[in-house]
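J.: sequence-free structure coming up:
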C-alpha cells in the first residue's frame, strides 16, 4: 500500500513497481494499492492483508506517523517504510512517537529500481 497526497507519485510508483517487481520465490507479481488521502487509506485498511506500507510523512488531515500509529492498532505486524523529501530528526521522532520504528526511511525523489530493491529487502 502506498499513501502519498500526490496522485502523480502514487500512480508512478504503482505502475513502476507492478511492472518491475517479480518474486521468484512464489512466482507472482506484486499488487500495489494506492491512496492519496490518509483517512481513506485508514478506512480501507485490512489487517493481515498488506505486506508493506509506504507512507509519506507530509499528508493532509494527519501526518504519516499519526496514520502509522492508527494502522498499527489494527495490525501490529505490518511493515512500514516512511517517505519524505525532507530530513527527519530521529531523536525528536523517538520522543514524540516512541511506539513507531523508523527503520525504513526513503528519501524522495526515488527511482522505481530503488523502491523495488527496498521492497525485496523488506519482504525477504
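T.: Arrived safely. Owing to the predicted nature of the structure, the values given are computational and were not obtained by experimental measurement. Numbering: from 1, shown residues only.
J.: use CA for all of it now, contacts and neighbours both
T.: Fine.
J.: tell me where this structure has helices.
T.: 7-20, 38-44, 64-74, 90-96, 112-123 (DSSP state H).
J.: what would those look like in JSON lines with mean neighbour count and distance to residue 29?
T.: As requested, the helices of the chain are exported to JSON lines (neighbours: other CA atoms under 10 Å; distance: least, CA to CA, whole Å):
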{"stretch": "helix 7-20", "mean neighbour count": "16", "distance to residue 29": "7"}
{"stretch": "helix 38-44", "mean neighbour count": "15", "distance to residue 29": "22"}
{"stretch": "helix 64-74", "mean neighbour count": "17", "distance to residue 29": "25"}
{"stretch": "helix 90-96", "mean neighbour count": "11", "distance to residue 29": "34"}
{"stretch": "helix 112-123", "mean neighbour count": "14", "distance to residue 29": "12"}
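J.: out of those, which comes closest to residue 30?
T.: Checking those against residue 30 by CA to CA gives helix 7-20 as the closest, at 5.8 Å.
J.: spatially central residue for this protein, please.
T.: Residue closest to the average C-alpha location in the chain (CA atoms, centre = their mean): residue 54, at 0.9 Å.
J.: and it, bridged to which residues?
T.: The partner list for residue 54 in beta bridges (DSSP bridges) reads residue 2, residue 81.
J.: where in the chain is pLDDT low?
T.: Residue ranges of the chain with pLDDT under 70: 22-28.
J.: re earlier: so which of the helices of the chain comes closest to residue 104?
T.: The nearest among these, by CA to CA, is helix 112-123 at 8.4 Å.
J.: report the angle between the closest one and helix 7-20.
T.: Between helix 112-123 and helix 7-20, the angle comes out at 70 degrees (axes from the mean of the first three to the mean of the last three CA atoms, to 10 degrees).
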